[in-house]
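1. Just need the structure, nothing else, for what follows:
(one chain, ligands or ions: 2)
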Amino acid sequence: MGELISIEEGRRRVLAAVRPLASEEVPLAAALGRVLALDVDSAIDVPPFDGSAMDGYAVIAGPAAQLKVVGEARAGHPSPQAAREGTAIRISTGAAVPAGTTAVVPVERTEAAADGLVHVDASSRGDNIRRAGDDVRAGQVVLRAGTPLGPAELGVAASVGRARLRCSRRPRIALLMTGDELTEPGAQLGPGGIYSSNGPALAAQVERAGGLPATRATVRDRAEDTRAALGRACEEADVVIVCGGVSVGPHDHVKGALAALGFDERFWGVRLRPGKPTWFGTREDMLAFGLPGNPVSAMVTFQLFVRPALAALQGSDPSPRRGVAALDEPIPRHPSREQAVRVRLSAAEDGWHAAPTGPQGSHLLTSMLGAAGLALVAPGEGEIPAGERVEVELL
Ligand code: AMP
Ligand code: MG
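-> Ligands and ions are numbered 1, 2, ... in the order given. Prediction:
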């Protein structure tokens, strides 16, 4: 490991290596969490017609009057009659207002009278009428390429009549866990064994970041096995994530295997705790991350380096979501490394507060529970006192 780089520099190198993926058509029902690859514009006005915002009577606006009820307009069933002086047309919310209508009087402000007559209160032009195009004008771009699709985006796409959206392809991720000690959950632990927690945690992070966990394997600490498994992992992946075995021990074979497979190192070692032994390299458009095996380090370095790569591959903004929060407890600084301290966040009258989740060892996976963010604590002497505001990256 040469000179360690900063988190920012690591991210910069990762993003510099990303070539955005191609796009594909995706039905709305499958598009949640995907990233839009092409602007969506609307061919129609939304709403498509002038309609009623209330149940009531469509009229010509004017003073209170007794009017003759001449028809009805229901949602989906426009009235053939037009509005005229002296008449009213019963109307439902969402119905197109009859031609000539200048106001809708809500039913609460009317009173039925005998002989098909209705008494209506006074109204002004435009009362309770929703205009065509109020929400979206024909020709307007409603969603921009690069937008991650959430519930609101899917609703707006549907409102302009789109059944399918062109989205970036999901990056295919190969996940490789290394270690003779690793045991699958559900199996019996042998002497010196531990359950492999990084596989499920990283696969879940991959999915949250829009990636497709395409292959997942566990490989023993042998150079040959590592190289063979990595070779297979590369066959179909856009991104290879290898976890553990990246360090410099006699049984760490990952860096050698990646080099043998033709990957060029882009960085090795970050001025970060937890997560110092993080490796990143590329082979043409393929990205490879060697993440530390310690469970917290693996999740933290995924968040800091892999997540932005997956965002950029899909054409969405890879910038971290960061804010500022006041510390509820002092945090000792590390003399030379930036720390990513797992914190709970709470809102108080004076703004956001951050409280460390507990002891912060990189093997203490429960320190990730309830963590809404990573407080980024710059290196230095002493401690950051309680009450001081620190930058927090939201998880
Ligand atoms: P390594 O990076 O291979 O030296 O591993 C560092 C630490 O992380 C060791 O204590 C490993 O047992 C642990 N570790 C490695 N891989 C996993 C995994 N998949 N799940 C849980 N712990 C792991
Ligand atoms: Mg290991």
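
2. ok, stretch 359-369 near ligand 2 or not?
-> No. Stretch 359-369 stays out of contact with ligand 2 when judged by CB under 5 Å from the ion, the minimum separation being 12.5 Å. No exception for glycine: its C-beta is placed from N, CA and C like everyone else's.

3. chain center to that stretch: distance?
-> The chain centre lies 24 Å from the centre of stretch 359-369; the measure is CA atoms, centre = their mean, to the nearest Å.

4. got it, and stretch 153-170?
-> Distance, centroid of stretch 153-170 to centroid of chain: 16 Å (CA atoms, centre = their mean).

5. Over to stretch 293-307?
-> The chain centroid and the centroid of stretch 293-307 are separated by 18 Å under CA atoms, centre = their mean.

6. how long is it end to end?
-> Terminal residues of stretch 293-307 are spaced 17 Å apart (CA to CA, to the nearest Å).

7. and R344, helix, strand or coil?
-> Under DSSP: H, G, I helix; E, B strand; the rest coil, the three-state class of R344 is strand.

8. Contact partners for it?
-> 354-355, 357, 370-372 (CB atoms under 8 Å, 6 or more residues apart in numbering).

9. Residues in a beta bridge with it, which ones?
-> When bridges are called by DSSP bridges, R344 pairs up with A355.

10. Could you do I89 as well?
-> Under the criterion used (DSSP bridges), I89 bridges to A58, G71.

11. repeat for L165
-> In beta-bridge terms (that is, DSSP bridges), L165 pairs with V26.

12. so it makes contact with L36?
-> Yes. The criterion here is CB atoms under 8 Å, and L165 meets it with L36 at 6.1 Å.

13. still on that earlier bit, report the buried members of the contacts of R344.
-> The neighbour count (16 or more other CB atoms under 10 Å) marks 354-355, 357, 371-372 as buried among the contacts of R344.

14. Can you pull the phi and psi angles for L313?
-> Torsion angles at L313 (phi, psi; degrees, to the nearest 10) stand at phi -60, psi -30.

15. where does the protein come near ligand 1, residue by residue?
-> Selection of the chain residues close to ligand 1 by CB under 6 Å from any ligand atom yields 177-179, 181-182, 194, 196-199, 243-247, 292-295.

16. And these, which of them are buried?
-> 177-179, 181-182, 196, 198-199, 243-247, 292-295.

17. Can you list the buried residues in the helix or strand where V14 lies?
-> Assigning secondary structure by DSSP states H and E places V14 in helix 7-16. The neighbour-count check on helix 7-16 (16+ other CB under 10 Å) flags 7, 10-11, 13-14 as buried.

18. quick revisit: max pairwise distance over the contacts of R344: which two?
-> A354 and G370 (12.0 Å; CB to CB).

19. about what we covered before: show me what the helix holding V14 packs onto, helices and strands only.
-> Helix 7-16 is packed against strand 264-268, strand 279-283, helix 307-313, with contacts defined by 3 or more CB pairs under 8 Å, 6 or more residues apart in numbering; DSSP states H and E.
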